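1. quick one, what's the 3D model for this:
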Amino acid sequence: MPINYKNYPPNWKSEIRPAVLERAGNKCETCGVKNHDVVFRGLWQGKEAFQDIDGNAWYYPSGEPIKGPDCYNMIDPLKGDENQLAIKIVLTIAHLDHNIENNSMGNLKAMCQKCHLNYDKQHHAHNAKQTRNNKKGLQEIQFNG
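-> Numbering: from 1, shown residues only. Model (predicted):
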């Protein structure tokens, strides 16, 4: 979903986002992938993994490096396998409490697109359910007790 900068403070792009990226070393704070890298996604020994164009490989989401001489071509973009997707990483900034008004550094985390979507999965599912129910004229009732 595209970001609507009207919902963010004026210094989001000039101060807040750059500060979070600097703190993170310009890497995803969850899996360690670098901002603006091109990586290839696939499976290695039954686990999801990434490989960059220099041949470095690591498991997703742990960031644990894959070592050994046989991993260099684990995800070879030249083979044209349709399961091997080239992805350009663009780091996003996640609001850990899902409140875009809470821009304290402790609430913000640099994440790649995949980690951010995974982090927000339950939040998005809840919002989608509310939207469907609103369209049907239903209202969610919460019971306390």
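2. any stretches of this protein with poor pLDDT?
-> Across the chain, the ranges flagged by pLDDT under 70 are 1-2, 68-85, 123-128, 131, 133-134, 138-145.
3. and the strands in it?
-> 38-44, 47-52, 57-59, 85-88, 92-95, 108-111 (DSSP state E).
4. nearest to residue 122, of these?
-> Closest approach to residue 122 among the strands of the chain (Cβ to Cβ): strand 92-95, 13.2 Å. Backbone N, C-alpha and C define where each C-beta goes, glycine included.
5. quick one: the helices in the protein, in order.
-> Applying DSSP state H to the chain gives helices spanning 17-23, 113-119, 121-136.
6. what's the closest of the ones you listed to residue 107?
-> Closest approach to residue 107 among those (Cβ to Cβ): helix 17-23, 10.1 Å.
7. could you export the strands of the chain as a markdown table, including mean neighbour count and distance to residue 18?
-> Shown next, in a markdown table, are those (neighbours: other Cβ atoms under 10 Å; distance: least, Cβ to Cβ, whole Å):
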| stretch | mean neighbour count | distance to residue 18 |
| --- | --- | --- |
| strand 38-44 | 17 | 22 |
| strand 47-52 | 18 | 23 |
| strand 57-59 | 20 | 26 |
| strand 85-88 | 12 | 20 |
| strand 92-95 | 20 | 10 |
| strand 108-111 | 22 | 11 |
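8. output the ones you listed in CSV, with distance to residue 129 appended to each entry.
-> Supplementary listing: the strands of the chain in CSV, determined by distance: least, Cβ to Cβ, whole Å:
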stretch, distance to residue 129
strand 38-44, 29
strand 47-52, 27
strand 57-59, 32
strand 85-88, 29
strand 92-95, 20
strand 108-111, 24
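9. indicate which one of the ones you listed is closest to residue 3.
-> Comparing these under Cβ to Cβ, the one sitting nearest is strand 92-95, at 8.1 Å.
10. so what strands line up beside the closest one?
-> strand 108-111 (antiparallel) (DSSP bridges).
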